[in-house]
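Visitor: kindly return the folded structure for what I paste below:
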Amino acid sequence: MPGPFRIVADEASEESGELLFMPDATAADWAKVFSHAERLCITAGLAVLQAGERDRALYLITEGTLAVGELAFFDGGTRSATLEAVTDVEGARLDAEGFERLSAEEPELARTMLLELGRVLAGRLRRASDLIADLRE
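Guide: Sure, this is the predicted structure:
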């Protein structure tokens, strides 16, 4: 499962470099991450998770199309949307316990993942703030 991964978001263009998650990670880095995650295979049309579910996991998609959210990974809250596989999806589910194990074994890699997730979330927040400012004009 090679990286980097593309974050699918309606509000960003396909050419946007901000959509790449951990573009400098090596194949060895990804192998370490996936060694702490469970393999994920979802058939198109099926829900990966439901809105309101408590699921503190990060979904890393290697094939297929799925809208991915990261907030519950950080705050442990419920999922804000039902995520449905648009196409057949392959990837991995990294839960909080798996991330803790990864952090203990590979602290720099875990730190990089958190910074990358923060960068993606900051970009989304910046776009939302710009949209709100435009609406106020």
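
Visitor: rest of the way, CA atoms for contacts and neighbours
Guide: Noted.

Visitor: so where is this structure shaky, pLDDT-wise?
Guide: For the chain, the stretches with pLDDT under 70 are 1-19, 67-70.

Visitor: who are the packing partners of whichever helix in it runs longest?
Guide: Identified as the longest helix of the chain according to DSSP state H is helix 107-136. Judged by 3 or more CA pairs under 8 Å, 6 or more residues apart in numbering; DSSP states H and E, helix 107-136 is in contact with strand 20-21, helix 96-105.

Visitor: tell me how far the residue of the chain most remote from its centre lies from residue 130.
Guide: Residue farthest from the centre of the chain, counting by CA atoms, centre = their mean, is residue 137 at 32.8 Å. Noted for residue 137: a distance of 11 Å to residue 130, by CA to CA, to the nearest Å.

Visitor: and for residue 117?
Guide: Taking CA to CA as the measure, residue 117 and residue 130 are separated by 20 Å.

Visitor: of the two, who's got more company?
Guide: Per other CA atoms under 10 Å, whichever of residue 117 and residue 130 has more neighbours is residue 117, with 17 against 12.

Visitor: quick one, phi psi at residue 90?
Guide: Residue 90 adopts backbone torsions of phi -130, psi 150, taken as degrees, to the nearest 10.

Visitor: can you report how many residues lie near it?
Guide: Residue 90 sits with 21 neighbouring residues when counted by other CA under 10 Å.
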